[in-house]
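In: sequence first, then the predicted structure:
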Number of protein chains: 2
Amino acid sequence: MIELKTKNLKTIYAVGIDLGGTFIKSAIVDSKGKILKHYKTEAYSNIGPKKVIEQIEKCIAELRKGFKQEISGIGIGAPGIVTRGIIKYPPNFKGWKEVNIKKQFEKKYKLETIVDNDANCAGLAELRFGHGKKYNNFIFLTLGTGIGGAMVLNGEIYRGEQNGAGEFGMMTINYNGPMCLGGNRGSIEAHIGRNYFLEQNQKEIRKLGVNIDFEDINMFARKGNKTAKKLLNLYGFYLGVAITNYFNLMDVRTAILGGGISNNYGYFIRECNKTIRERSLKTIRKKFRVLKSAINNSAGILGASALIFE
Amino acid sequence: MIELKTKNLKTIYAVGIDLGGTFIKSAIVDSKGKILKHYKTEAYSNIGPKKVIEQIEKCIAELRKGFKQEISGIGIGAPGIVTRGIIKYPPNFKGWKEVNIKKQFEKKYKLETIVDNDANCAGLAELRFGHGKKYNNFIFLTLGTGIGGAMVLNGEIYRGEQNGAGEFGMMTINYNGPMCLGGNRGSIEAHIGRNYFLEQNQKEIRKLGVNIDFEDINMFARKGNKTAKKLLNLYGFYLGVAITNYFNLMDVRTAILGGGISNNYGYFIRECNKTIRERSLKTIRKKFRVLKSAINNSAGILGASALIFE
């Protein structure tokens, strides 16, 4: 850990690519986490892998234009399963099977290219440039349409047997609960994934109006609306149950929240903390913390570039 | 891992102590896992720590009587929380606060003394002398009155921030479920801990007779009784949900079952495996294993002595 954080005394530079289903975000980042240049473009994920790769190459070309310093490598965060540089069947990417992007890019650019799962990248960004600078053990959770997770144990991303660890969304918190698409009835994702939550609570949500999204619930809560507050408390309760499971099992005391829904933090955190206090082991309830990511918007590109700084 | 398993080319000997609430089991074990001598006595845990320690000392004296080889150290597995050789408030031990047994014994015997939680010891025994010889990542579960766990990651016991990891029993699988004494409604222990299970299913169990325990359910199942089979299927379902949570989160594919109730393995394992197949990630459901410990009865003393062989 200490070695990791001090070894790069000389500032180095990397290209970080955050490959999303809609947009590709990219940047040149230095080893201190400073973004020097950034570029964003469409992913065209509905066309096929060839087009997507062209778009990534466009990002790299734009970033390097006029940039005089040496680039140490290219880091890429991609959705779904990534093993040894191969992006496998990324969800919502049309016509994509297995693409060895590492091999392609290393041949083309003569630069080290490292690819990892986007949740791991966000966890890595948090470890290196966010709250993780202070905590050696934590779980980083992405709260959005899906519920992703990255586990940091002893200052390192824990990856599991096949680089698939941290599938926090698949944790059952009520085996009688709502069905999730993965077949895992009552998973935490089936409770607090954006669309699941909106659907299950539509009766309450309809009291607020039509076409209500999470941001609207937040807005209503800010105005003191009781229904909105109740809904966000419920969100906090579910999240608290799942985080407690993690804390109790791993003897870890820190969770960091990112993703779009973490913007509602102020409204669900009290119930979340209360739930953890009630359900966790004595040694944990005395001192734990659930924090909001401080680098949420840039976590993807920071984490992708951090792959190169490791 | 490889280093660990081959470094002790010369056979060495340790005293292993398995401190239980009713009995103390002890043995001289060699570094290959062979038990050379054993001795069992009452723990007298209802009298107080002084008496319990006298009983442990009696074990050590009996074992060393006439044993000519050099003893390398004393390993002790104890219930509850153990940190740096101090046994803290072990459950069911009267008048016990914090006792630094390591310090006492190292002074008295001039032998290295290592104390750890009994669940970790059982996991360590499995790693060194049981199925763990084949698997680098697994969770070891003790199925009994309580539900204990020990996690092996990359060939080592994972201990967490305060040596409290593996509290598998405290994992919520249904937040609306039965209350557990730890305040964690719907924990796996509140579902499958011996007394919890018998109590919650008493209506069904009463169909089998009066004063029915787990061994009786097993016996009825062996005779083909449908109620008994249904009960053990239910046990397997709950266990399967909890193990799936572990597999999905950690990207691990092996669980090993010990403790008294693991003797019912043949009757609950089918439903347990079925549940894991239904609920786990694709990459896991293809290949996972839930095994019965092969060293169940001696796991305590083997694991305690293995503390010295590490």
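Out: It's in. Residues are numbered from 1 along each chain as shown, chains lettered A, B, ... in the order given.

In: I'd say A:Lys32 and A:Ile12 touch.
Out: No - using Cβ atoms under 8 Å, A:Lys32 is not in contact with A:Ile12; the gap is 9.7 Å. Using the backbone N, CA and C atoms, a C-beta is placed for each residue, glycine as well.

In: of those two, who's got more company?
Out: A:Ile12 (18 against 11; other Cβ atoms under 10 Å in any protein chain shown).

In: who in the stretch 1-150 of chain A is up against chain B?
Out: A:Ile81, A:Asn137, A:Gly149 (Cβ under 8 Å from any Cβ of the partner chain).

In: neighbour-wise, which one of those leads?
Out: Going by other Cβ under 10 Å, A:Gly149 tops the residues of the stretch 1-150 of chain A next to chain B with 24 neighbours.

In: shouldn't A:Tyr13 be in contact with A:Asp30?
Out: Yes - A:Tyr13 lies in contact with A:Asp30 (Cβ under 8 Å); the separation is 5.4 Å.

In: could you pull out the buried residues of stretch A:28-47?
Out: Buried residues in stretch A:28-47, counted by 16 or more other Cβ atoms under 10 Å in any protein chain shown: A:Ile28, A:Val29, A:Asp30, A:Ser31, A:Gly33, A:Lys37, A:His38, A:Tyr39, A:Ala43, A:Tyr44, A:Ser45.

In: from the stretch 201-310 of chain A, which residue is nearest to chain B?
Out: Of all residues in the stretch 201-310 of chain A, A:Asp251 sits closest to chain B, at 2.4 Å by Cβ to the nearest Cβ.

In: picking that back up, got the buried residues of stretch A:28-47 as TSV, with pLDDT and secondary structure columns?
Out: As requested, the buried residues of stretch A:28-47 are arranged in TSV below (pLDDT from 0 to 100; DSSP: H, G, I helix; E, B strand; the rest coil):
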residue	pLDDT	secondary structure
A:Ile28	98	strand
A:Val29	97	strand
A:Asp30	96	strand
A:Ser31	95	coil
A:Gly33	94	coil
A:Lys37	97	strand
A:His38	96	strand
A:Tyr39	97	strand
A:Ala43	94	coil
A:Tyr44	95	coil
A:Ser45	92	coil
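
In: count the residues that sit near the residue of the stretch 201-310 of chain A closest to chain B.
Out: A:Asp251, neighbours per other Cβ under 10 Å, totals 21.

In: which element is the nearest residue to it once chain neighbours are set aside on?
Out: Leaving aside its sequence neighbours, A:Asp251 sits nearest to B:Gly160 (Cβ to Cβ, 6 or more residues apart in numbering or on different chains; 2.4 Å). Under the criterion of DSSP states H and E, B:Gly160 resides outside all helices and strands.

In: and B:Gly160, what does it touch?
Out: With contact set as Cβ atoms under 8 Å, 6 or more residues apart in numbering or on different chains, B:Gly160 has these partners: A:Asn137, A:Met250, A:Asp251, A:Val252, B:Gly166.

In: so of the residues you listed, which ones are in helices?
Out: A:Met250 (DSSP state H).

In: between the contacts of B:Gly160, which is nearest A:Asn233?
Out: A:Val252 (24.6 Å; Cβ to Cβ).

In: mind listing the strands for the stretch 201-310 of chain A?
Out: A:254-258, A:289-292 (DSSP state E, counting those that start in this stretch).

In: deepest-packed of the ones you listed, please.
Out: Neighbour counts (mean count of other Cβ atoms under 10 Å in any protein chain shown) averaged over each of those peak at strand A:254-258, with a mean of 26.

In: what's the burial count for A:Ser305?
Out: A:Ser305: 37 neighbours (other Cβ under 10 Å).

In: phi, psi of the nearest residue to A:Lys88 once chain neighbours are set aside?
Out: The shortest distance from A:Lys88 to any non-neighbouring residue, by Cβ to Cβ, 6+ apart, is to A:Ile81 (4.5 Å). Here is the backbone geometry of A:Ile81 (degrees, to the nearest 10): phi -90, psi 130.

In: so who does A:Ile81 touch?
Out: Contacts of A:Ile81 by Cβ under 8 Å, 6+ apart are A:Ile87, A:Lys88, A:Tyr89, A:Asn117, A:Asn163, A:Gly164, B:Thr283.

In: with A:Ile192 instead?
Out: Going by Cβ under 8 Å, 6+ apart, the list of residues near A:Ile192 reads A:Leu143, A:Ile147, A:Tyr235, A:Tyr238, A:Leu239, A:Ile261.

In: the same query, at a cut-off of 7 Å, please.
Out: A:Leu143, A:Ile147, A:Tyr235, A:Tyr238, A:Leu239 (Cβ atoms under 7 Å, 6 or more residues apart in numbering or on different chains).

In: quick check, pLDDT for the last one.
Out: On the pLDDT scale, A:Leu239 is placed at 98.

In: with the third one instead?
Out: For A:Tyr235, the pLDDT comes out at 98.

In: might one say that it is in contact with A:Phe268?
Out: Yes - using Cβ atoms under 7 Å, A:Tyr235 is in contact with A:Phe268, at 4.7 Å.

In: so for those two, which sits in the more crowded spot?
Out: A:Phe268 (28 against 23).

In: how about the contacts made by that one?
Out: A:Phe268 neighbours (Cβ under 7 Å, 6+ apart): A:Leu232, A:Asn233, A:Tyr235, A:Gly236, A:Leu239.

In: Serialize those residues to JSON lines and add fields for distance to chain B.
Out: Below are the contacts of A:Phe268 laid out as JSON lines (distance: Cβ to the nearest Cβ, whole Å):
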{"residue": "A:Leu232", "distance to chain B": "17"}
{"residue": "A:Asn233", "distance to chain B": "14"}
{"residue": "A:Tyr235", "distance to chain B": "14"}
{"residue": "A:Gly236", "distance to chain B": "13"}
{"residue": "A:Leu239", "distance to chain B": "12"}
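
In: can you pick the most crowded of these?
Out: For the contacts of A:Phe268, neighbours tallied by other Cβ under 10 Å; top is A:Leu239, 27 neighbours.
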